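Asker: Everything below, folded, please.
(2 chains)
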Amino acid sequence: MSIINQIKPLVIKELKNLYGQDPIAIGFQEAELTINNTKPEFEGDYTLVLFTFVKQLKKSPEQLGNEIGEALVKANPDIFTAYNVIKGFLNLTISDNYWLGFLQSNFSNTKFGNQPANGRKVMVEYSSPNTNKPIHLGHLRNNFLGWSVAQILKQSGYEIIKSCIVNDRGIHICKSMISWQLFANGASPQSTNTKGDHFVGEYYVRFNDEYKKQVEELVAGGMKKEEAEKEAPIMKGTHQMLLDWENGKPDVIELWKTMNGWVYEGFDVTYKRIGSDFDKMYYESETYIPGKKFVEEGLKEGTFFKKEDGSVWIDLTAEGLDEKLVLRKDGTSVYITQDLGLAQEKYEDFNYDESIYVIADEQNYHMKVLKLILKKLGKPYADGIDHLSYGMVELPSGRMKSREGTVVDADDMVEEMVNVAKKKTEELGKVKNFTESELVELYDIIALGALKFFLLRVDPKKRMIFNPEESIDFHGFTGPFVQYTHARIKSILRKGQGKREKAPVGNSLLKLEKDLIILLEQYPAIIEQAVVEHNPSVIAIYVFTLAKSFNTFYTEHSVMNAESEEKKQLRLQLVEMTANVIASGMSLLGIRVPERM
RNA sequence: GGCCUCGUAGUACAAUGGAUAGUAUAAGAGUUUCCGAAGCUCCAGACCCAGGUUCGAUUCCUGGCGAGGCCA
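Answerer: Modelled structure (predicted):
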């Protein structure tokens, strides 16, 4: 258990001893105690805020602080060595022996921070691509978030099923298909040497160009715009194709399969490159049918109702929302229909305790409705549904728009980062003895490290801005900074191999040594926070802070030329644990760390 | 029109009902005979506005202004 959580019950205990009442009875809970890191300008490691008690106990903060501080030190000399009170704050100093004991029992544990299996099963649905366009920067945020949250939960003892729902049907897919029929002349990704998803994406764009042209021609011929938009031959063809698809017309199905196949080949390359993987794929072309069945059941059971025109609805006015359409009058499904069916199917497949949906925040309302409907239907899994809502990645000018060609393509982005990594590395000239394949791997590690860190370091809920003019930095609060720190430590450890036997207790810690240990000790609590919040950014921030703290220590104190042999052993342990925790934290973000760079 | 987010240095991001609001970048000044300078040190610079609750509000509440999103 982390030291901060050990302190709380001790404080409660002393309060009880000192003031003769059960503190819980007079309103104190452990959770209400505020204990913070002591600010660097004051003496101490952790600080108890005293204002909370002042009123109930009718004592001045100074008096309270001194009484509690003295009692704590007296009762727990092995933990606390000193205290001081400034204004309403009780600063506590933790004994060096505690920190040293902690270090010695954990420094070589590469699994520090992991938790044993807890028997809970969680599905994480992420990525969820559309088969008519390649993956872009916004999808990358989704992929990295989903993968990382899954990893964080996995290391914390949860059983994880990563799933992906592919949007592979509907009018938009037909647009790409008809465009291919009209313009491709039988071309394929192979014949044009194009990545499959990009190939199909081009025909989707081509559709829109042609459609616009046809509408303009019709309008020029005297037709009204709305009518022209319906009458444009390419659009009529698309609608026909959708009908043919739903009716299973063989040549349409064949084309659909072929073109989706191309897209999947392209996606596979990208997923492999960025490290996304899934345990279970779902396809909307399959889930829309259970969705309809789901609605039928809801009708029978009475939660849904049918209007005169035959459309099916649910009334959510009692919940402060409105009436929501779940099936169109022609019997075709809307988005929510499919999602209802899919939720049911996922539960039947895996019997999960929790189901996390990594979906952009523009779907907040939709997800709220989904959960609400499932709840109204009394589904046992409704409460376990959790929307991990993330903000859009925007350009300085606003949202990315495919029509304006401002979409940042994922493959291009990765490629660009690899080039930058190569250039920067060559400039520094530290990799002369690397083989060609080692270099390729290193550039990949750095490039993806920079990209993932950049997208994960921000609170998922907040939208973030990416400026394509400035390529992602390698200095400061970045992945490569952390990776570099790791490489430096590994360099030290190569020199000090086999020399990390136990250091004697009683060694008094210098400030920068203690700062590092305190941070290391907080790692499990940080992971816990990331688990509760489903938020990888706390890990990114932590790992950066740790790397920074190491760098400060490193310039000030020598490891291999330490003042004494004991100090050297201690620092080797300290540094090894730092490397382990950096590697561990980065792995939770899906980022590899190099031995040398 | 209704509902939901969000307003923190030039820029990009943190944190917190509590001590002087952190970090990075960019700008300025240093730093390499000594374990890796993708580093380190110093120096500047911000809580949208107005009320309210509180011993204490950047944080919670209300209103305004501004940005974004969703619904029909």
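Asker: quick one: low-confidence ranges for the stretch 451-597 of chain A?
Answerer: For the stretch 451-597 of chain A, applying pLDDT under 70 flags the ranges A:498-507.
Asker: Just want the residue of it that's nearest RNA strand B.
Answerer: Ranked by C-beta to the nearest atom of the strand, the top residue of the stretch 451-597 of chain A for proximity to RNA strand B is A:G476, at 2.2 Å. Every C-beta, even on glycine, is put in place using the N, C-alpha and C of the backbone.
Asker: wait, does stretch A:126-143 contact RNA strand B?
Answerer: No: Stretch A:126-143 lies out of reach of RNA strand B by C-beta under 7 Å from any atom of the strand, never closer than 10.9 Å.
Asker: Return that stretch as PDB; C-alpha atoms alone will do.
Answerer: Only the C-alpha atoms of stretch A:126-143 are listed here, as PDB (Å, rounded to 0.1, in the frame of the first residue of the first chain):
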ATOM      1  CA  TYR A 126     -12.100   1.100 -30.200                       C
ATOM      2  CA  SER A 127     -10.900   2.200 -33.600                       C
ATOM      3  CA  SER A 128     -14.200   1.400 -35.400                       C
ATOM      4  CA  PRO A 129     -13.300   2.400 -38.900                       C
ATOM      5  CA  ASN A 130     -15.300   3.200 -41.900                       C
ATOM      6  CA  THR A 131     -14.400   1.200 -45.000                       C
ATOM      7  CA  ASN A 132     -14.600   4.100 -47.400                       C
ATOM      8  CA  LYS A 133     -11.800   6.200 -46.000                       C
ATOM      9  CA  PRO A 134      -8.300   5.700 -44.700                       C
ATOM     10  CA  ILE A 135      -7.400   6.300 -41.100                       C
ATOM     11  CA  HIS A 136      -6.600   9.800 -40.100                       C
ATOM     12  CA  LEU A 137      -5.100  11.700 -37.100                       C
ATOM     13  CA  GLY A 138      -8.400  11.600 -35.200                       C
ATOM     14  CA  HIS A 139      -8.600   7.900 -35.600                       C
ATOM     15  CA  LEU A 140      -5.100   7.600 -34.200                       C
ATOM     16  CA  ARG A 141      -6.100   9.300 -31.000                       C
ATOM     17  CA  ASN A 142      -8.900   6.800 -30.800                       C
ATOM     18  CA  ASN A 143      -6.700   3.800 -31.500                       C
END
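Asker: how far out from the middle of the chain is it?
Answerer: Centroid separation for stretch A:126-143 versus its chain: 14 Å, with C-alpha atoms, centre = their mean, to the nearest Å.
Asker: For the spatially closest residue to A:I86 that is not a sequence neighbour, give its distance to A:L92.
Answerer: Closest residue to A:I86 apart from its sequence neighbours, by C-beta to C-beta, 6 or more residues apart in numbering: A:F42 at 6.3 Å. A:F42 is 11 Å from A:L92, where distance means C-beta to C-beta, to the nearest Å.
Asker: These two: which has the busier surroundings?
Answerer: A:L92 (26 against 11; other C-beta atoms under 10 Å).
Asker: Mind listing the residues bridging to that one?
Answerer: Counting by DSSP bridges, A:L92 is bridged to A:Y46, A:Y83.
Asker: so it sits right up against A:D45, yeah?
Answerer: Yes: counting by C-beta atoms under 8 Å, A:D45 is a contact partner of A:L92 at 6.5 Å.
Asker: Name the residues contacting each of those two.
Answerer: The contact sets of A:L92 and A:D45 overlap at A:T38 (C-beta atoms under 8 Å, 6 or more residues apart in numbering).
Asker: sorry, back to before: looking at the residue nearest to A:I86 now. What's its pLDDT?
Answerer: pLDDT, A:F42: 89.
Asker: Tell me which stretches of the stretch 401-550 of chain A form helices.
Answerer: Secondary structure of the stretch 401-550 of chain A (DSSP state H, counting those that start in this stretch): helices at A:410-428, A:436-456, A:479-495, A:511-521, A:523-533, A:537-556.
Asker: Spit out the contact partners of the residue of the stretch 51-200 of chain A found nearest RNA strand B.
Answerer: The stretch 51-200 of chain A approaches RNA strand B most closely through A:F51 (3.0 Å), counting by C-beta to the nearest atom of the strand. Applying C-beta under 8 Å, 6+ apart, one finds that A:F51 lies in contact with A:61, A:88.
Asker: hmm, 10 Å instead?
Answerer: Counting by C-beta atoms under 10 Å, 6 or more residues apart in numbering, A:F51 makes contact with A:34, A:61, A:64, A:87-89.
Asker: Which ones, among those residues, also lie beside RNA strand B?
Answerer: A:34, A:87-89.
Asker: Which one (most neighbours) among those?
Answerer: Taking other C-beta under 10 Å as the neighbour criterion, A:F89 ranks highest of the ones next to RNA strand B among the contacts of A:F51 with 20 neighbours.
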